[in-house]
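# need a structure here:
(2 chains)
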Amino acid sequence: MFDAAIKIFSNSYTWAHYWEGLVTTVQLTLLSLLVGGLLAVPLAIMRTSKNKLINWPVWVFTYVFRGTPLLIQLYMIYYGVTLIEGIQESFWWEIFKHALYPTLIAFSLNTAAYTTEIFRGAIEATPRGEIEAAKAYGMGWGLRMRRIILPSAFRRAIPAYSNEVIFMMHATSIASLVTIIDLLGAARDIYAKYYAPFEAFIFVGLIYLCLTFGILAIFKRIEKKMLAHLAPR
Amino acid sequence: MKKVLLALAGALAVASAVEAKDYDLIRVGVDAPYPPFEYKAPDGTLTGFEIELGNEVCKEVTGKECEWVIQAWDGIIPSLLARKYDMIFSSMSINAERMETVLFSDPYYTTPSAFFSATGFDPAMSKGKRVGAQRGTTQDTYITEFLTDAEIVRYTTADDMVVDLKGGRLDAMFVDAPVGLELLGDDTEVKQVGDFVKEPARIFGEGVGAAFRKRDTDLEDQVSAALKKLKENGTYDAIMKKYFDFDIKI
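Numbering: from 1, shown residues only, chains lettered A, B, ... in the order given. Sure thing, here's the model as predicted:
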């Protein structure tokens, strides 16, 4: 067992390949969280609307994307675009030819659906008194959202959102199924090269663990700062 | 010293020439059915590519067809060593592990690999092209080494790769030729491009050979010579064309 590990990890190709995978995983995670988060804010506001016409389409979106496995969503988008008539001749194909953009779209929409529901819960949990006070000050809907509801909702959402970040980071590993060389993709390549499943996958598991610890540490700091008013005295 | 060695070598050569026996019947072990290499015809007789080729080989050596002994794969080498037959002619790939126990003839067939493309891909001009292979296969090793300026896309399964090839995401894929032909079925857009690829042996293996007990070097010599003759005189090609529409000769 140790002989195999020494053979695998004394080759600089292994390290370069895992590094490439790490960069891709971090990129995929950050980009899909960024796009998904930006989408989630307006969607969450729409989702809390009392108007059914605004509320309902968002409900359908979150229901579909939370109700189906991410792998299916990825396959639908990755293989689905190739069926669009004439897309191979359009300039879009330069983008969709590679696996990265279909994957980013799938991941972003998926995390947007989950984040929408997290934000919705946080918005609806705004104490009535705060809203009534804002109204008493004569604040309109927009100002109220911007100054009172959203800032406090985001703070309340932080603990739940940190889970979503970790889940998303782990979920990026399925990108390896559509030929992207992320961390798991790199591990599969090393496994196939050396026929050494344990070494390849244990090592990559350790990297995921480290990444998770990093995310937890960041969120701990954020919570300490943003939720200081909730800490027990 | 040198003279002594030369004398010894000469003596050995004479000795082995003297020992060369005439075989009047070769018993051959085969794991059947394994179509199209060996299988039973509707009338119960054993037939297939290796059966026909093997019979021609036996005729070259003994003047008679082989006596075929059907043996399950897991016992095929032990039964050879136990003298139940004298030769294995049953799609056995030549590899270092088996060479420790048996003696191989020259290879007599190999499964070629091939590029398939819908856009007329040229392996010699692969710069910037997206070429697919199944991860960890010999084909993967080959394009990683020889198509350094191409973008290599590795797949877990071959059918995912075919979908991407048909969908236009890949400029070409590189697979076992029979597998590629089978997967593409009667697709008319995707075609094989370029010749079959069988070399280098370091990557693709040395092919399939007949196996013998280690001490039967004499029989091995005669079978290898017979195979060489059949490959040259067209008999091999005639049998191959009956069973394959591509070239498996090595």
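
# Can you say which helix or strand has residue A:59 in it?
In the assignment (DSSP states H and E), residue A:59 maps to helix A:52-67.

# Give me the helices and strands touching the following helix or strand past that helix, please.
Downstream of helix A:52-67, the next assigned helix or strand under DSSP H and E is helix A:70-80. Using 3 or more Cβ pairs under 8 Å, 6 or more residues apart in numbering or on different chains; DSSP states H and E as the contact test, the elements touching helix A:70-80 are helix A:100-124. Any C-beta I mention is one placed from the backbone N, CA and C, and that applies to glycine too.

# In the helix it packs on, which residues are buried?
Neighbour-count burial for helix A:100-124, with 16 or more other Cβ atoms under 10 Å in any protein chain shown as criterion, is recorded at A:100-123.

# List the buried residues of the helix holding residue A:59.
Going by neighbour count (16+ other Cβ under 10 Å), the buried part of helix A:52-67 is A:58, A:61, A:62, A:65.

# swap in stretch B:24-34?
By 16+ other Cβ under 10 Å, the buried positions in stretch B:24-34 come out as B:26, B:27, B:28, B:29, B:30, B:31, B:32.

# TSV please, covering those and showing secondary structure and pLDDT.
Written out in TSV, the entries for the buried residues of stretch B:24-34 read as follows (DSSP: H, G, I helix; E, B strand; the rest coil; pLDDT from 0 to 100):
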residue	secondary structure	pLDDT
B:26	coil	95
B:27	strand	96
B:28	strand	96
B:29	strand	96
B:30	strand	94
B:31	coil	91
B:32	coil	86
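
# for the residues you listed, which one is nearest chain A?
Of all these, the one sitting nearest chain A is residue B:31; the distance, using Cβ to the nearest Cβ, is 25.3 Å.

# Not counting sequence-adjacent ones, nearest residue to the closest one?
Take residue B:31 and drop its neighbours on the chain: the residue closest to it by Cβ to Cβ, 6 or more residues apart in numbering or on different chains is residue B:73, 4.4 Å away.

# so how far is chain A from that neighbour?
Computed with Cβ to the nearest Cβ, to the nearest Å, the distance linking residue B:73 and chain A is 22 Å.

# which secondary element of chain B has the worst mean pLDDT?
Using mean pLDDT, DSSP states H and E, helix B:2-19 stands out as the lowest-scoring helix or strand of chain B, at a mean of 52.

# since we're on residue B:217, how many residues are nearby?
Residues contacting residue B:217 under the criterion other Cβ atoms under 10 Å in any protein chain shown number 14.

# Is it in contact with residue B:102, as I believe?
No. The pair residue B:217 and residue B:102 does not pass the contact test of Cβ atoms under 8 Å, sitting 11.8 Å apart.

# in what helix or strand does the closest residue to residue B:30 other than its chain neighbours lie?
The spatial neighbour of residue B:30 that comes closest, neighbours along the chain excluded (Cβ to Cβ, 6+ apart), is residue B:90 at 4.5 Å. Following DSSP H and E, one finds residue B:90 outside all helices and strands.

# What separation do you get for residue B:90 and chain A?
According to Cβ to the nearest Cβ, residue B:90 and chain A sit 26 Å apart.
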